[in-house]
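Asker: The following block contains a protein sequence and its predicted model.
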There are 4 protein chains.
Amino acid sequence: MGIVLGANQYGKAENRLVRIYRENTRHEIRDVTVSTALRGDFTDAHLAGDQARVLPTDTQKNTCYAFAKEHGLREIEDYALTLARHFVDDVEPVTGATIAVDELGWQRAQEHDHTWVRTGPEVRTTEVVADASGAVVTSGLKDLVLLKSTGSEFAGFLTDEYTTLAETHDRIMSTSLVATWSYTGTDVDWDKTWADVRTILVERFANVHSLALQQTLWEMGRAVLEAHPAIASISLSAPNKHHFLVDLAPFGLENPGEVFYAADRPYGLIEAVVTRS
Amino acid sequence: MGIVLGANQYGKAENRLVRIYRENTRHEIRDVTVSTALRGDFTDAHLAGDQARVLPTDTQKNTCYAFAKEHGLREIEDYALTLARHFVDDVEPVTGATIAVDELGWQRAQEHDHTWVRTGPEVRTTEVVADASGAVVTSGLKDLVLLKSTGSEFAGFLTDEYTTLAETHDRIMSTSLVATWSYTGTDVDWDKTWADVRTILVERFANVHSLALQQTLWEMGRAVLEAHPAIASISLSAPNKHHFLVDLAPFGLENPGEVFYAADRPYGLIEAVVTRS
Amino acid sequence: MGIVLGANQYGKAENRLVRIYRENTRHEIRDVTVSTALRGDFTDAHLAGDQARVLPTDTQKNTCYAFAKEHGLREIEDYALTLARHFVDDVEPVTGATIAVDELGWQRAQEHDHTWVRTGPEVRTTEVVADASGAVVTSGLKDLVLLKSTGSEFAGFLTDEYTTLAETHDRIMSTSLVATWSYTGTDVDWDKTWADVRTILVERFANVHSLALQQTLWEMGRAVLEAHPAIASISLSAPNKHHFLVDLAPFGLENPGEVFYAADRPYGLIEAVVTRS
Amino acid sequence: MGIVLGANQYGKAENRLVRIYRENTRHEIRDVTVSTALRGDFTDAHLAGDQARVLPTDTQKNTCYAFAKEHGLREIEDYALTLARHFVDDVEPVTGATIAVDELGWQRAQEHDHTWVRTGPEVRTTEVVADASGAVVTSGLKDLVLLKSTGSEFAGFLTDEYTTLAETHDRIMSTSLVATWSYTGTDVDWDKTWADVRTILVERFANVHSLALQQTLWEMGRAVLEAHPAIASISLSAPNKHHFLVDLAPFGLENPGEVFYAADRPYGLIEAVVTRS
């Protein structure tokens, strides 16, 4: 039985890139963090240290910046697709590429032509995986922090000898949502679809009377798939950011769902994929 | 020459507290991180380990939570003032107290009655320092990230044998502003004043044609003091978040202020106080 | 075509737990962060909000703490195995469990009986995945930051029209290593094996004359597999923490590999699995 | 009453610099983060945008790197002193300078000649403040995380109506120490003194039977001043990293100081200066 090289890839991670469009006095901005990863037969680089088939990560970085000018950077999905296809199509040893883009949000400051204020913490994301057979686009968002102050229960759960939790029929539910959804193709209005998915996710979080975070995630995912035939499946990862009701009885005070301690760790972590059968 | 105890204080830092107002179906939320620090003659605690004059930091934490119910938590300046005065007035050994509050932002999700989305990264801050003579309120903001894509120069600077920087008459200027301003009194419309100061800071950043970040800070500070007689002075700390124009010439591309590398470190750091004579 | 629930799991993440052994005056300490994730048929929880088959994440947390007393916490692999098997064997709806443990390092302070100093940034890790068929243990480390000041080259690489990088035959090579290796069974001397793998990884990093980080990773992985038949495969993820030689020529100074700028982002990211054929 | 410019300074923060000494085959490494801040009459830069007296922060960065070659970088106090005096003495408009240096730790990997492993999280620090009258050196450390599993009490404290804390005569005491001490002069063996102060701080933390963190800080500071006449005063800032005993009674288990929940926030924060009368 021998020892062999298994799966491997390499690239340049977290290229920080800001693209300004200034053809008009009213500028536009795109602020992204781009990561590249290339796959192919790089056995010689590993086993013999031979770099003849290795395009430097520095070159990958240069390509990210050059493409933002050469091909533009508007919708991050298009930008990532162009980069991914370039590496697969134009760089001989490369058989597969993953391009991940995080887009930081900015909003115009007081409707100014060339000044913006950062929004957040929410980040828009995309990841394109390309090979000879084509490209798959998975878009998403992360750090979308949501909270509802009522309309959430947790009761009727399984118990065992380690259970001490009390049932509750009215609690704070809060999460910092990570959602990624994969598209069936690439002929998509990326910006419009992304904005619409986000609206659905927030709407479902708000309006589903929740018997558990699992249920809310399912309703979010189902609503997205129902509204968007171009989306094949959606993955949701939701920390349960616990807000514990503070016991004010020792101080002669009632606390009917008003004063909470927001805990850091530990946190529940609920993960689910909603897909098509 | 002896060895003596110098300045000292103690408290509970970073109490995470969420306050929900639910008298109406349309709830309200306040999300704060509160830190307390008490001063007084605590020599015995240090030199002899005698805690008879030491109110536990756990008690200070309890007080933060209890007061959010007992006295409410609306404007963070009022909340901090009430806490600070309590410690100074009601806890015998305490002669001075500092209460610092960071307020995290939330906006209603789709105008929903009890669901919100976190905004940020910007944080509203206040610090109240109280003793027998009264209380001083210093409010502010931090992590207000601003960027302008033109209207900023840096030229005509001093040079020495270590200078290699080229002059520029059009660059990106970006910062993550920390501003704190102290009030002359406590009879202030805290929310309204805070919002107005923030508007002025952003407006000046946007509209001052900047010959240097120093100039922009001065103009920000001056405008705040001119508009608000109740503000005694303002401190501004502004990292110069460098955005370097990428050299695309090796790839046969021009780059007239369009593609930038956003650097993490190092960064310029410009700090100034604007005050009254 | 319908919409269905896909892969899903839930648990309590990042339970911070310190275990003191104090049978003797010379205490022992274990400091871990434990995360649990349970799998099974939780369709009703998602689709109908029915929690009857859902053991609360709070109970999972309790179990982590109780087991640290009931079954002890010495080698993190044993602790994780015991927890994973408990959830699969004892909680009826659970068909699979993942227990991840990060162990923070402490060393005795001046050989004191009950005082320690934190070491780091390096963290020891394990992840146990269990189901009815058994359990697989994958151990590892992360944040092991290594640097060599010579004995590293990068030359002879592929170039294209976006390549500007110069070849180098003497550079700093530095990484913050993440390594995880899976065992073929569970009858392993966990502490001894972990320490030995770490020694091999560091030794190979130091002594392989590196023509590229890929080569170093391969040599690390191969050496581990050669020395440890109980290890089935090893995954290595290595950021290339770039140290750029500073151009001091404008100041009339030479810089023969002496003064470097340590960059944050972007960084190369090299990932490889070494396995058995 | 007019509006005027108050205190101001500017500089380049967090220059990441690695210095290798390679005269011998056994290399040496220094890894620092350097920040500069300059003071002087920069009124014109603020009020009129005139940079004629402003040495760019880019030049300050260059100077940090050039000096690491030109003057060397061994003890960070000497390096910071040389930089600070240069800015004050050689740059005409500069009347004051602060140079702050954080030194990251490395230890040789297996006694290798040119390979190291990062240690930490502890960081060695210095800050030099210079003006025409001379320079003051304040050295220190931060992120020194200490824990003792017994020998710590907290009882006999002041109570009020918000007190719920129980007394304890045996608890975990843990902190992440920040200590800074100022020297009376600059004729000091920096490395030796720093190492000795660190030893004293750890020794006192370990061996003082603590009735409160305040007492431990006092004993630490007193011992440092007693041993080092060259030290004028020492400031200690110590978060009380709470380790809460987990209640295992619901599971039929005793917990005599064995299983703890290590909390993140809130934390006590104890600050004290020990000085000479």
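Answerer: In hand now; what should we look at? Numbering: from 1, shown residues only, chains lettered A, B, ... in the order given.
Asker: helices or strands up against the longest helix anywhere in chain A?
Answerer: With secondary structure taken from DSSP state H, chain A has its longest helix at helix A:190-207. For helix A:190-207, the elements it packs on are helix A:76-90, strand A:134-148, strand A:173-183, helix A:213-227, strand B:115-131, judged by 3 or more Cβ pairs under 8 Å, 6 or more residues apart in numbering or on different chains; DSSP states H and E. C-betas here are computed from N, CA, C, even on glycine.
Asker: give me that answer again for 7 Å
Answerer: Counting contacts by 3 or more Cβ pairs under 7 Å, 6 or more residues apart in numbering or on different chains; DSSP states H and E, helix A:190-207 packs against strand A:134-148, strand A:173-183, helix A:213-227, strand B:115-131.
Asker: Show me what counts as buried in it.
Answerer: A:190, A:193-194, A:197-198, A:200-207 (16 or more other Cβ atoms under 10 Å in any protein chain shown).
Asker: Show me how far it is from its chain's centre.
Answerer: 13 Å (Cα atoms, centre = their mean, to the nearest Å).
Asker: Kindly report the same for stretch A:161-176.
Answerer: Stretch A:161-176 has its C-alpha centroid displaced from the chain centroid by 27 Å (Cα atoms, centre = their mean).
Asker: quick revisit: now the longest helix of chain A: mean pLDDT?
Answerer: The pLDDT scores in helix A:190-207 average 98.
Asker: Let me know which of the helices and strands packed on helix A:190-207 is the nearest to residue A:78.
Answerer: Across the helices and strands packed on helix A:190-207, residue A:78 has its closest neighbour in strand A:134-148 (9.5 Å, Cβ to Cβ).
Asker: list the helices and strands the closest one packs on?
Answerer: Checked by 3+ Cβ pairs under 7 Å, 6+ apart, strand A:134-148 has helix A:76-90, strand A:115-131, strand A:173-183, helix A:190-207, strand B:115-131 packed alongside it.
Asker: change it to 6 Å
Answerer: Judged by 3 or more Cβ pairs under 6 Å, 6 or more residues apart in numbering or on different chains; DSSP states H and E, the packing partners of strand A:134-148 are helix A:76-90, strand A:115-131, strand A:173-183, strand B:115-131.
Asker: What angle do helix A:76-90 and the longest helix of chain A make with each other?
Answerer: Here the directions of helix A:190-207 and helix A:76-90 differ by 130 degrees (axes from the mean of the first three to the mean of the last three Cα atoms, to 10 degrees).
Asker: What lies in contact with helix A:190-207?
Answerer: Helix A:190-207 is contacted by residues A:75, A:77, A:139, A:146, A:219-220, A:223-224, B:109, B:112, B:115 when judged by Cβ atoms under 6 Å, 6 or more residues apart in numbering or on different chains.
Asker: what does stretch A:113-121 give?
Answerer: Contacts for stretch A:113-121 (Cβ under 6 Å, 6+ apart): A:25-27, A:29, A:105-109, A:143, B:120-121, B:145-150, B:206.
Asker: Point out the residues in chain A that sit beside chain D.
Answerer: Within chain A, the residues that sit near chain D (Cβ under 6 Å from any Cβ of the partner chain) are A:164, A:250, A:264-265.
Asker: how about 10 Å then?
Answerer: Residues of chain A lying near chain D by Cβ under 10 Å from any Cβ of the partner chain: A:161-164, A:247-248, A:250-252, A:261-266.
Asker: Name the nearest of those residues relative to residue B:126.
Answerer: Set against residue B:126, the nearest of the residues of chain A next to chain D by Cβ to Cβ is residue A:262 (18.7 Å).
Asker: So that closest one versus chain B, what's the distance?
Answerer: Per Cβ to the nearest Cβ, to the nearest Å, residue A:262 is found 4 Å from chain B.
Asker: Quick check: that residue vs residue A:242, distance?
Answerer: Distance, residue A:262 to residue A:242, by Cβ to Cβ, to the nearest Å: 8 Å.
Asker: which residues do the two both contact?
Answerer: A:172, A:174 (Cβ atoms under 10 Å, 6 or more residues apart in numbering or on different chains).
Asker: In contact with the nearest residue to residue A:116 once chain neighbours are set aside, which residues?
Answerer: Counting by Cβ to Cβ, 6 or more residues apart in numbering or on different chains, residue A:106 is the residue found nearest to residue A:116 once chain neighbours are left out, at 3.9 Å. Listed by Cβ under 10 Å, 6+ apart, the contact set of residue A:106 reads A:18, A:28-31, A:115-120, B:145-147.
Asker: try residue A:180
Answerer: Counting by Cβ under 10 Å, 6+ apart, residue A:180 touches A:125-127, A:138-142, A:233-237, A:273.
Asker: re earlier: got the contacts of helix A:190-207 as TSV, with pLDDT and neighbour count columns?
Answerer: Formatted as TSV, the contacts of helix A:190-207 follow (pLDDT from 0 to 100; neighbours: other Cβ atoms under 10 Å in any protein chain shown):
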residue	pLDDT	neighbour count
A:75	98	21
A:77	98	25
A:139	98	25
A:146	98	22
A:219	98	23
A:220	98	25
A:223	98	20
A:224	98	24
B:109	98	20
B:112	98	18
B:115	98	25
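Asker: Go through those and name the one nearest residue D:229.
Answerer: Within the contacts of helix A:190-207, proximity to residue D:229 (Cβ to Cβ) peaks at residue A:146, which comes in at 59.0 Å.
Asker: For residue A:167, grab the count of nearby residues.
Answerer: Counted with other Cβ atoms under 10 Å in any protein chain shown, the neighbours of residue A:167 add up to 12.
Asker: The closest residue to it other than its chain neighbours and chain D: what is the separation?
Answerer: Leaving aside its chain neighbours, residue A:167 sits nearest to residue A:155 (3.8 Å; criterion: Cβ to Cβ, 6+ apart). Residue A:155 sits at a distance of 19 Å from chain D (criterion: Cβ to the nearest Cβ).
Asker: Repeat that for residue A:109.
Answerer: In this view, residue A:109 and chain D are 21 Å apart by Cβ to the nearest Cβ.
Asker: List the contacts of that residue.
Answerer: With Cβ under 10 Å, 6+ apart, residue A:109 has these contacts: A:115-117, B:146-148, B:199, B:202-203, B:205-207.
Asker: same question, residue A:273
Answerer: So residue A:273 contacts A:180, A:217, A:221, A:233-237, C:4-8 (Cβ under 10 Å, 6+ apart).
Asker: That one belongs to a strand?
Answerer: Yes: under DSSP: H, G, I helix; E, B strand; the rest coil, residue A:273 falls within a strand.
Asker: does it have beta-bridge partners, and which?
Answerer: For residue A:273, the beta-bridge partners under DSSP bridges are residue A:235.
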